[in-house]
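[1] Predicted structure and sequence below. I'll ask about it afterward.
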Amino acid sequence: MGSDFYQLSILPYAGIIIKICRAYTNSQEDFEDYYQEVCLQIWRSKDNFNQQSEWSTWIYRISLNVCLTYMKRRKTGDKAFVSDSLPDDVIDDSKAFVNDDINELYSAIKHLTETNRAVILLYLEEKTYDEIAEIMGTNANNIGVRIARIKERLSKFISEKD
Amino acid sequence: MTKSIETMWKEGFVNETQLTAPKVNDLYNRKSQNIVDKLLNMFAINIKMLLIGSVLMVLMMSLIGAPLFGIYVCILLVPLIVIAKKELKRSVDISKGQSSYDYLINFDNWLKHSIETYARYYRIFYPLFFLGMATRAVISKAGGKIIALLMEKFPTDVVILGLPYYLFMALACIGFIIVKYADALYRLDLNIVYGRQFKKLDELIKDMKSLRRTP
């Protein structure tokens, strides 16, 4: 990868990629592998960027799409999507962030389905319903209803943990 | 829970130091772990293996005195190379910059089309391969000896295509089983390697579709 491209077009948006990667991985090792995969795919797809949307939206799209179809051979030998839900005792990056609230929130997010994780991450990143609908490929009305349900589920999960 | 999730997120990331990008190593030469890329890679390897296999088949069969059978198998393998090349070309449409729904649907459609195309060919390939092998075995020296031995032990006047009827029937039965299960054999093979991923993909698409439905 041209280091200029990484420095100029990916690194300034690393925060987006990190936030998404963390929601779909359960260990530091998976997270780093996944981060690199997203960067690789952004670089590979750069020629398809048609500038109709913002570059950051493009990064969200690729990050989520790669995340949804990322496969990894596990220690047990079987290949699986990294986003496969795992029991709590297998999740070893519950202290991935310095802030406890964020760790708690991520822990709750990881109990959602892959699609719901994507929707709530975009919402928390202050994307409008229209933008979320565009990235996910649905309509804005449905997004509103889905977000309300996800928030309810997350609040319930966090309250139970407290 | 005292804070809303929006506040937790917003305030939590204000001073978050863990948003520093991890170190990236030799990114350009990295092998992709994406299922689309893995399948594309598989097609590309298939093409190379088939090409090498075809040439080797002709050479090896020529060495053991069966060049015609080698050429026959080589001809049977050619359509597989053509199919793999076509499917590889079609996959260019699966851009990862599409909406998640379009990406998953396009990938799924491509995957189903590829599997169907391969399965359709394998329904012909396996029986023809067996037919070639059986013919080669029957006309070979060793085959002739076995047939002579069989005729001596189990004599019969009913001979079909130069074979005692029971041998012909046995070969026909095996051929029939291969014709009937060629498709299933290919899908089983694919399922062993990618079954779990395909199931997961179906679940993802189902979930995506539910997001598109009116609430």
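    Structure received. Numbers count the residues shown, from 1 in each chain, chains lettered A, B, ... in the order given.

[2] quick one: A:L112 is in a strand?
    No. Counting by DSSP: H, G, I helix; E, B strand; the rest coil, A:L112 is located in no strand; its state is coil.

[3] what does the model give it for pLDDT?
    What the model reports for A:L112 is a pLDDT of 92.

[4] That one: how many residues sit nearby?
    Neighbour count for A:L112, taken as other CB atoms under 10 Å in any protein chain shown: 19. Quick note: C-beta positions are derived from backbone N, CA and C, even for glycine.

[5] Spell out the residue ranges of the strands in the chain.
    Just going to use chain A. In chain A, the strands defined using DSSP state E lie at A:71-73, A:79-81.

[6] please go with chain B instead
    B:159-160, B:163-164.

[7] So which of those is nearest A:K161?
    Closest approach to A:K161 among those (CB to CB): strand B:163-164, 74.5 Å.

[8] which residue sits closest to the residue nearest the centre of chain B, ignoring its sequence neighbours?
    Most central in chain B under CA atoms, centre = their mean is B:L190, positioned 5.8 Å from the mean C-alpha point. In space, and not counting its chain neighbours, B:L190 is closest to B:I115: 6.6 Å by CB to CB, 6 or more residues apart in numbering or on different chains.

[9] wait, doesn't that neighbour sit right on B:R187?
    Yes. Judged on CB atoms under 8 Å, B:I115 makes contact with B:R187 at a distance of 7.2 Å.

[10] Tell me the predicted confidence for residue 85.
    Let's take chain A. pLDDT, A:S85: 50.

[11] My question was about chain B, not that one.
    pLDDT at B:K85 comes out at 86.

[12] Nearest residue to it in space, please, no chain neighbours.
    In space, B:K85 is closest to B:I47, 6.2 Å off (CB to CB, 6+ apart).

[13] how much space between that neighbour and chain A?
    20 Å (CB to the nearest CB, to the nearest Å).

[14] ok, that residue - contacts?
    B:I81, B:A84, B:K85, B:L88 (CB atoms under 8 Å, 6 or more residues apart in numbering or on different chains).

[15] By neighbour count, which of the residues you listed wins?
    Result: B:A84 is most packed of the contacts of B:I47 (other CB under 10 Å), 22 neighbours.

[16] how close does that residue sit to chain A?
    Taking CB to the nearest CB, one finds B:A84 at 21 Å from chain A.

[17] related to what we said a few turns ago, what's the spacing between the residue nearest to B:L190 and chain A?
    17 Å.

[18] Quick check: that residue vs B:I45, distance?
    17 Å (CB to CB, to the nearest Å).

[19] More neighbours: which of those two?
    A count of neighbours by other CB under 10 Å puts B:I115 above the other of B:I115 and B:I45, at 16 against 11.

[20] circling back to that earlier point, now, of the strands of chain B, which is deepest in the fold?
    strand B:163-164 (a mean of 19; mean count of other CB atoms under 10 Å in any protein chain shown).

[21] Walk me through which strands that one pairs with, and which way each runs.
    Within its sheet, strand B:163-164 is paired with strand B:159-160 (antiparallel), according to DSSP bridges.

[22] which residues are in contact with the partner strand?
    In contact with strand B:159-160 (CB under 8 Å, 6+ apart) are residues B:Y165, B:F168.

[23] The same query, at a cut-off of 6 Å, please.
    B:F168 (CB atoms under 6 Å, 6 or more residues apart in numbering or on different chains).

[24] And stretch B:101-120, by the same measure?
    A:N65, A:G137, B:V36, B:I83, B:E87, B:S91, B:I94, B:D183, B:Y186, B:L204, B:I205, B:M208.

[25] At the geometric centre of chain A, which residue do we find?
    A:I20 (2.4 Å).

[26] Spit out the contact partners of that one.
    With CB under 6 Å, 6+ apart, A:I20 has these contacts: A:S63, A:L121.

[27] Using PDB, list the CA coordinates for stretch A:133-146.
    C-alpha atoms of stretch A:133-146 as PDB (Å, rounded to 0.1, in the frame of the first residue of the first chain):
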ATOM      1  CA  ALA A 133     -30.400   4.200   5.400                       C
ATOM      2  CA  GLU A 134     -28.100   5.000   2.500                       C
ATOM      3  CA  ILE A 135     -25.100   3.100   4.100                       C
ATOM      4  CA  MET A 136     -27.300   0.100   5.100                       C
ATOM      5  CA  GLY A 137     -29.400   0.100   2.000                       C
ATOM      6  CA  THR A 138     -32.800   0.600   3.500                       C
ATOM      7  CA  ASN A 139     -35.200   3.500   4.100                       C
ATOM      8  CA  ALA A 140     -35.000   6.100   6.800                       C
ATOM      9  CA  ASN A 141     -38.400   5.300   8.400                       C
ATOM     10  CA  ASN A 142     -37.400   1.800   9.300                       C
ATOM     11  CA  ILE A 143     -34.200   3.000  10.700                       C
ATOM     12  CA  GLY A 144     -36.000   5.200  13.300                       C
ATOM     13  CA  VAL A 145     -38.100   2.300  14.500                       C
ATOM     14  CA  ARG A 146     -35.100  -0.100  14.600                       C
END
